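Peer 1: Sequence and predicted model, in that order:
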There are 2 protein chains.
Amino acid sequence: MSVLPESGIISFARGIPGPELFPADELAEAAQRAFARHRATALNYGPPAGFGPLREWIALEHGAEPDQVVITPGSYILLTFLVRVLLETPGPVVVEVPSYDRANSLLRKAGARILPVRRDETGLDFARLEHYLATGERPAFCYLMPTFHNPTGTTLAMADRERLTDLAIGHDLLLVEDDPYGPLRFDGETLPSLRSLLVARGAGQLSVFMSSFSKMVAPGLRVGYGVLPEQLAQRVAAVGLDSYVSPPLWPQAEVYEFLAGGFLPAHLSRVRALLRLRRDALVTRLAAGLEGAGPRWSKPDGGYFVWLELPAQLSAADLLADCERAGVTFVPGSGFFADGGGDSSARLCFSFHAVEDIAAGADRLVAAARGRLAGLGAA
Amino acid sequence: MSVLPESGIISFARGIPGPELFPADELAEAAQRAFARHRATALNYGPPAGFGPLREWIALEHGAEPDQVVITPGSYILLTFLVRVLLETPGPVVVEVPSYDRANSLLRKAGARILPVRRDETGLDFARLEHYLATGERPAFCYLMPTFHNPTGTTLAMADRERLTDLAIGHDLLLVEDDPYGPLRFDGETLPSLRSLLVARGAGQLSVFMSSFSKMVAPGLRVGYGVLPEQLAQRVAAVGLDSYVSPPLWPQAEVYEFLAGGFLPAHLSRVRALLRLRRDALVTRLAAGLEGAGPRWSKPDGGYFVWLELPAQLSAADLLADCERAGVTFVPGSGFFADGGGDSSARLCFSFHAVEDIAAGADRLVAAARGRLAGLGAA
């Protein structure tokens, strides 16, 4: 069923879930349990690293100690804290290109020297990464989204994960693994996190694992978290104390009771099935309208994003202007490129709209793209 | 009924409410309404300035426009945002002495040049303030807690409020008024905020009013807010966007339904009555044990704090050491003094413990103080 806003505009732009992806009834039940069980603690000020029972749950889930877990109001602010600690003295940082646009601008503002490493559906440009590690100053860390990458939707293969683990151990390189989408896999087999590979080889001190309940449960709760080496966890929590005295413990208690109540598995199954239908609606229409016409796109096994690559002569900004007139939007790729470029690429987010609206939006996009391609004499 | 922790230690140290001060049942009901009414919006990402209906409620409460309201996870982080905006170029800032310790260290870290103005039960040192305004560079702002001040518990009289308003208007001085305790008045008459006095004289652009539902409702929700000139509100919200993308909208929706459900007035009555009993328990025991023996203390009309001033020869740090051995703690005053000093003063917070425990804690403190006073030959 179409549930478009009044404007009729279909947005593939913002990476946000549609409201029917929220487990609101289960959360309401979890909230009541939280009021019954945690009113005395979670309604008060508390530890800057977050609500104890949830820290324990996360630690258990990731084979870590509770002292390694820091819970923050969303995972983005955790990244800002981490950058403040790790780039106290600005230094080089390895980033994928493309990568999460907010992370790019955060690192730029922090004065990091960006070492870009190309990332596409074939994986990571290891030759470049090895060159950096062999020749330059040791990077402060390497920021990666191995699974259902933002913006490309791609996932690093097992061999790449092992190679990254080898490099991290060989060069004493901290891998900051940002993984909010991992649990939203609707195709294929789950791959081990970089963290689990490092831990298995006794190198857990080289791993920061970040995730969030924003995509797993609901963003408005603002419950993100990191699993970090204990000393780093302490320093990050201290930045949290300086920022907000105490994090919002109450939504953390609600999330905890949602998890403890066993609501997550069925909820994730439902979300995965919905997202799969939405991805299918998008890529099916792209294929119907653009197969063989020049553009290429990813077909992600999970997460929120399809990555669209246009022929090099075609500008995503120009296409966006046409699309906006036709009532569909997306994010042009250039903002995701820390080293410039990306002008002919676009991120299409399929998490927000109902299947019918995604199909209609894709048709509008296809028509606009075909118009541009015809103008190039390429269609 | 005593509800002491296992340690048996009675804390007058942390400024936090006791759990029986939380309206947990009413909040549970409000949460259910929030799930029924706001699941589609407040469980998602949203505006960096906060949940729309709550912004409207706050605006109405303060005779402001919703665009002037910014809601943040607690009011302290709002102060950090404000400092980032107003001290982008560090300059002089007027602060009360003593003042909120976290604000002191925040301003110091931001590179502010502190202009200290003495604050005690007789009011503010206007001679000093007028001297600054007449002779120096215009301060970036003046940070004040007019009502139930932290740490002294004192309240600026009407005449002082009017004089501050005159000075602000005469010298184009921005008054940042931090007022989390104002609604917790259990004695005397409510006085107008500096904001309302400035607005009445057409000078609302000189007011930033900050408050929070931490003391009015519950801190674990982390719902603080500011009412600011519109342009400043936009700049502060932009810092919020950079920090956490979207604030925790969900607890804001819960607070909104608590307010819209009409739960606040009865809840505040109950909290005020409890706090009054707790203050009485503390000051009655102080009077019984220390009247005429040298120390002096405030008797606040609301809020959380009693301020204890010892004879100058007696160190609060020494007294604290004795108190800790006797099972009672407090915060020595020196941290509240931006310009040093305060060694013979202490903040006693009476919000956390039950009346019996406060009385017992006060007795321990009195015994320790009498011991120290005897040592001075002063008792």
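Peer 2: The structure has been received and is ready for your questions.
Peer 1: Spell out which parts of the stretch 1-150 of chain A neighbour chain B.
Peer 2: A:14, A:16-17, A:19, A:22, A:24-25, A:27-28, A:31-32, A:35, A:39-46, A:73-74, A:76-77, A:80, A:102 (C-beta under 8 Å from any C-beta of the partner chain). In short, each C-beta sits where N, CA and C put it, glycine included.
Peer 1: From those, list just the buried residues.
Peer 2: A:16-17, A:22, A:24, A:27-28, A:31-32, A:35, A:39, A:41-46, A:73-74, A:76-77, A:80, A:102 (16 or more other C-beta atoms under 10 Å in any protein chain shown).
Peer 1: Tell me where the model's unsure across the stretch 251-379 of chain A.
Peer 2: For the stretch 251-379 of chain A, the stretches with pLDDT under 70 are A:377-379.
Peer 1: Report the secondary structure element holding the residue in it that chain B sits nearest to.
Peer 2: Nearest residue of the stretch 251-379 of chain A to chain B: residue A:251, at 5.5 Å (C-beta to the nearest C-beta). Using DSSP states H and E, residue A:251 maps to helix A:249-260.
Peer 1: how far out from the middle of the chain is stretch A:291-306?
Peer 2: Distance of stretch A:291-306 from its chain centroid, counting by C-alpha atoms, centre = their mean, to the nearest Å, is 17 Å.
Peer 1: export that stretch as CSV, just CAs?
Peer 2: Extracted in CSV, the C-alpha atoms of stretch A:291-306 (Å, rounded to 0.1, in the frame of the first residue of the first chain):
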residue,chain,number,x,y,z
GLU,A,291,19.8,-3.1,-18.1
GLY,A,292,22.5,-2.8,-20.8
ALA,A,293,22.0,1.0,-21.1
GLY,A,294,25.2,2.0,-19.3
PRO,A,295,24.4,2.4,-15.6
ARG,A,296,25.4,-0.3,-13.1
TRP,A,297,24.1,-0.9,-9.6
SER,A,298,24.8,-3.1,-6.6
LYS,A,299,22.4,-5.8,-5.4
PRO,A,300,23.1,-5.8,-1.6
ASP,A,301,22.5,-8.9,0.6
GLY,A,302,21.3,-6.7,3.4
GLY,A,303,21.1,-3.2,4.8
TYR,A,304,19.6,-0.1,3.3
PHE,A,305,21.5,0.9,0.2
VAL,A,306,21.8,0.3,-3.5
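Peer 1: Can you point out the buried residues in it?
Peer 2: For stretch A:291-306, using 16+ other C-beta under 10 Å, the buried residues are A:294, A:295, A:297, A:298, A:299, A:300, A:301, A:302, A:303, A:304, A:305, A:306.
Peer 1: As TSV, the residues you listed with secondary structure and distance to chain B would be great.
Peer 2: Below are these laid out as TSV (DSSP: H, G, I helix; E, B strand; the rest coil; distance: C-beta to the nearest C-beta, whole Å):
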residue	secondary structure	distance to chain B
A:294	coil	34
A:295	coil	29
A:297	strand	25
A:298	coil	24
A:299	coil	26
A:300	coil	21
A:301	coil	24
A:302	strand	20
A:303	coil	16
A:304	coil	13
A:305	strand	16
A:306	strand	20
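Peer 1: Pick out the most distant pair among these.
Peer 2: Checked with C-beta to C-beta, those reach their widest spread between A:294 and A:302, with 26.9 Å between them.
Peer 1: Would you state the helices of chain A in chain order?
Peer 2: With DSSP state H as the criterion, chain A has helices at A:24-42, A:52-61, A:75-86, A:101-109, A:126-135, A:158-171, A:194-200, A:213-216, A:230-244, A:249-260, A:264-290, A:316-326, A:355-376.
Peer 1: I'd like to know which elements the second one is packed against.
Peer 2: With contacts defined as 3 or more C-beta pairs under 8 Å, 6 or more residues apart in numbering or on different chains; DSSP states H and E, the secondary structure elements packing on helix A:52-61 are strand A:69-72, strand A:224-227, helix A:249-260.
Peer 1: let's see 10 Å
Peer 2: Packing partners of helix A:52-61 (3 or more C-beta pairs under 10 Å, 6 or more residues apart in numbering or on different chains; DSSP states H and E): helix A:24-42, strand A:69-72, strand A:207-212, strand A:224-227, helix A:249-260.
Peer 1: The fourth one now?
Peer 2: Helices and strands touching helix A:101-109, as assessed by 3+ C-beta pairs under 10 Å, 6+ apart, comprise helix A:75-86, strand A:92-97, strand A:113-120, strand A:141-144, helix B:230-244.
Peer 1: Which one, of those, ends up nearest to residue A:366?
Peer 2: Here strand A:113-120 is closest among the helices and strands packed on helix A:101-109 (C-beta to C-beta), at 22.7 Å.
Peer 1: Can you give the strand pairings for that closest one, parallel or anti for each?
Peer 2: strand A:92-97 (parallel), strand A:123-124 (antiparallel) (DSSP bridges).
Peer 1: So which of the ones you listed is the most surrounded?
Peer 2: strand A:92-97 (a mean of 23; mean count of other C-beta atoms under 10 Å in any protein chain shown).
Peer 1: and that one with helix A:75-86, angle?
Peer 2: 150 degrees (axes from the mean of the first three to the mean of the last three C-alpha atoms, to 10 degrees).
Peer 1: mind checking how far strand A:92-97 is from the chain centre?
Peer 2: The answer for strand A:92-97 is 16 Å, by C-alpha atoms, centre = their mean.
Peer 1: Nearest to chain B within the stretch 51-200 of chain A, name that residue for me.
Peer 2: residue A:77 (4.5 Å).
Peer 1: wait, what's in contact with the residue nearest to that residue when sequence neighbours are not counted?
Peer 2: Nearest non-adjacent residue to residue A:77, counting by C-beta to C-beta, 6 or more residues apart in numbering or on different chains: residue B:244, 4.5 Å away. Counting by C-beta atoms under 10 Å, 6 or more residues apart in numbering or on different chains, residue B:244 touches A:72-78, A:80, A:222, A:224, A:243-244, B:48, B:72-73, B:77.
Peer 1: Quick check: residue B:244 vs residue A:86, distance?
Peer 2: Residue B:244 sits 19 Å away from residue A:86, going by C-beta to C-beta, to the nearest Å.
Peer 1: Over to residue A:239?
Peer 2: Residue A:239 is 11 Å from residue A:86, by C-beta to C-beta.
Peer 1: same deal with residue A:171?
Peer 2: In terms of C-beta to C-beta, residue A:171 sits 16 Å off from residue A:86.
Peer 1: So between the two, which is more surrounded?
Peer 2: Neighbours per residue (other C-beta atoms under 10 Å in any protein chain shown) separate residue A:171 from residue A:86, with residue A:86 holding more: 22 against 16.
Peer 1: ok so, going back, report the two of the contacts of residue B:244 separated the most.
Peer 2: A:75 and B:72 (18.3 Å).
Peer 1: Look at residue A:328 and say how many residues are nearby.
Peer 2: For residue A:328, using other C-beta under 10 Å, the count is 27.
Peer 1: Equivalent analysis for residue A:194, please.
Peer 2: 27.
Peer 1: Enumerate every residue touching it.
Peer 2: A:142, A:144, A:146-147, A:156, A:160-162, A:164-165, A:168, A:175-177, A:179, A:206-209.
Peer 1: hmm, back to that, wait, which of the strands paired with strand A:113-120 is closest to residue B:131?
Peer 2: Here strand A:92-97 is closest among the strands paired with strand A:113-120 (C-beta to C-beta), at 49.0 Å.
Peer 1: about what we covered before: show me which of residue A:75 and residue B:72 is the more surrounded one.
Peer 2: residue B:72 (32 against 25).
Peer 1: Thank you, goodbye.
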